[in-house]
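>>> A structural model of the following input is requested.
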Amino acid sequence: MKAPREMVTPRMRAAGRAIRILLRAQENATLEEEIRHLYAEGRGEYGSPTIWKALREKGFRYNHKRIARLMREGMPVWIEQVIGRA
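Residues are numbered from 1 along each chain as shown. A predicted model of the protein is given here:
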């Protein structure tokens, strides 16, 4: 049962927002690990569309733009770790 709107204080809203941010960060960390695994499996040749399709086949349901952003943010580190390129 939801609390009436008047009973929800700004502090409660801020706490809910903080929880959502933490959950999103945890979800991103899990997703990054899976992306890194698929990227290594493809020997660094897979792009975001291929990774996105592979994730969908595994049951992950995320937007292709989110996958591309996570890959873009972590790519330089992955390239060095996975295939030894600089």
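>>> Give me the phi and psi angles of residue 62.
The phi and psi torsions at residue 62 (degrees, to the nearest 10) take the values phi -130, psi 150.
>>> Which pLDDT does the model give it?
Note on residue 62: pLDDT of 92.
>>> Who are the contact partners of it?
Residue 62 is in contact with 31, 52, 55, counting by C-beta atoms under 8 Å, 6 or more residues apart in numbering. All C-beta spots, glycine's among them, are computed from the backbone N, C-alpha and C.
>>> Columns pLDDT on top of those, output as CSV?
Formatted as CSV, the entries for these read as follows, by pLDDT from 0 to 100:
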residue, pLDDT
31, 93
52, 94
55, 95
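>>> so who does the residue positioned nearest the centre of the chain touch?
Centroid check for the chain by C-alpha atoms, centre = their mean gives residue 28 as the closest residue, at 3.0 Å. Residue 28 makes contact with residue 70, according to C-beta under 8 Å, 6+ apart.
>>> Need the phi and psi values for it.
phi -60, psi -40.
>>> Quick check: which element contains residue 36?
Secondary-structure element containing residue 36, defined by DSSP states H and E: helix 10-41.
>>> Any idea how far that helix is from the middle of the chain?
6 Å (C-alpha atoms, centre = their mean, to the nearest Å).
>>> next one: stretch 52-68
9 Å.
>>> and the end-to-end length of it?
Its first and final residues considered, stretch 52-68 spans 8 Å by C-alpha to C-alpha, to the nearest Å.
>>> Stretch 39-56 too?
15 Å.
>>> how far out from the middle of the chain is that stretch?
Offset of stretch 39-56 from its chain centre (C-alpha atoms, centre = their mean): 14 Å.
>>> in that stretch, what's buried?
Going by neighbour count (16 or more other C-beta atoms under 10 Å), the buried part of stretch 39-56 is 39, 46, 48, 51, 52, 54, 55.
>>> measure the fourth one to residue 37 for me?
It refers to residue 51. Using C-beta to C-beta, to the nearest Å, one gets 10 Å for the distance from residue 51 to residue 37.
>>> who are the neighbours in contact with residue 9?
Listed by C-beta under 8 Å, 6+ apart, the contact set of residue 9 is empty.
>>> Lovely, talk soon.
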